[in-house]
Every structure is written in structure tokens, then in C-alpha cells.
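> Structure for the following, please:
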Amino acid sequence: MNKRTKATSIPQAVKQEVEKRDSIDGVPCCIFCKTPYGVRGEAHVISRAQSGLGVERNLVTVCRKCHSAMDNSQLRPLYVERAKEYLKSIYSDWNEEDLVYNKWKGFKYQ
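Residues are numbered from 1 along each chain as shown. Here you go, the predicted model:
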């Protein structure tokens, strides 16, 4: 596995932390529609194609329907903007540039 692939992959422990963070009363829920059904903490806000890291600050918990819309619909920019605002509300120092793999700089969050 090359360094970029490793950096953009999501370890199981990270998925679990994202789901815990995005829980309502201890139940992981989609950050968009709030459903607890079919959710997973594995949606990259900055996509893997854009070298988005597989770290908590770049991931959100979403249901299958919202994940599909976030990745494949004309509404993608809206979903991504909402996800960024959500993460900024949790991490006051959230910065998109810190969440992209750069082979010259490595990556900040591990």
C-alpha cells in the first residue's frame, strides 16, 4: 500500500470515533437527515480523489441515501458545504488544507 492510499484510508478505530462523535443520545445518526439506520462514519468531506485524509476531522457519519447524494448528485456542493460547517462547529481550528495528503509535507492528523 502506498503512502497516499494509506493516508486516505479509514481505520476501523477512526470510523468508530466518528460515529461516536456524530451520535444523538449515544446512537450514531446521519448528520444530514438524523436517521440512525444504515449509518457509517466513513464519508470523506474532502474526497479520497482529492487526497482527503481518512481522519476524524475529514469524516462524517451519514446514511446510505445521503452518502450517495453527497458523492454522486448535483447536490454534492451543498452536502459538502453543510458537512464542512458541521465540522467547523466541532473543531474551531478546522482547516481544509490540513486534511489533504501532500507527499512533500506528510499529514498532520494521524
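
> these two touch, right, W94 and E85?
No - at 9.6 Å, W94 and E85 do not qualify as touching, with contact defined as CB atoms under 8 Å. For every residue, glycine as well, the C-beta is placed using N, CA and C.

> Those two: which has the busier surroundings?
Applying other CB atoms under 10 Å to W94 and E85 shows that W94 carries more neighbours, namely 17 against 10.

> Pull the residues that contact the host helix or strand of V62.
According to DSSP states H and E, V62 maps onto strand 59-63. Here strand 59-63 makes contact (CB atoms under 8 Å, 6 or more residues apart in numbering) with 10, 14-15, 18-19, 21-22, 28-33, 35, 37-45, 70, 83, 86-87.

> Show me the residues you listed that map onto helices.
Counting by DSSP state H, the contacts of strand 59-63 place 14-15, 18-19, 21, 70, 83, 86-87 in helices.

> Now do the strand holding V62: distance to the chain's middle.
Relative to its chain's centre, strand 59-63 lies at 6 Å (CA atoms, centre = their mean, to the nearest Å).

> for the ones in helices among the contacts of strand 59-63, which one is nearest V55?
Within the ones in helices among the contacts of strand 59-63, distances to V55 taken as CB to CB reach their minimum at V14, with 6.5 Å.

> Looks like the closest one contacts L53 (just checking).
No - if you go by CB under 8 Å, V14 and L53 don't touch, sitting 9.8 Å apart.

> So for the two, which residue has more residues nearby?
Per other CB under 10 Å, whichever of V14 and L53 has more neighbours is L53, with 26 against 20.

> surely the more buried one meets T8?
Yes - counting by CB under 8 Å, L53 touches T8, with 6.2 Å between them.

> For those two, list the residues in contact with both.
Joint contacts of L53 and T8 (CB under 8 Å, 6+ apart) are Y101.

> count of residues packed around H67?
Neighbour count of H67, defined by other CB under 10 Å: 20.

> now do E56
Neighbourhood size, E56 [other CB under 10 Å]: 20.

> how near is it to A69?
22 Å (CB to CB, to the nearest Å).

> got it, and S92?
According to CB to CB, S92 and A69 sit 28 Å apart.
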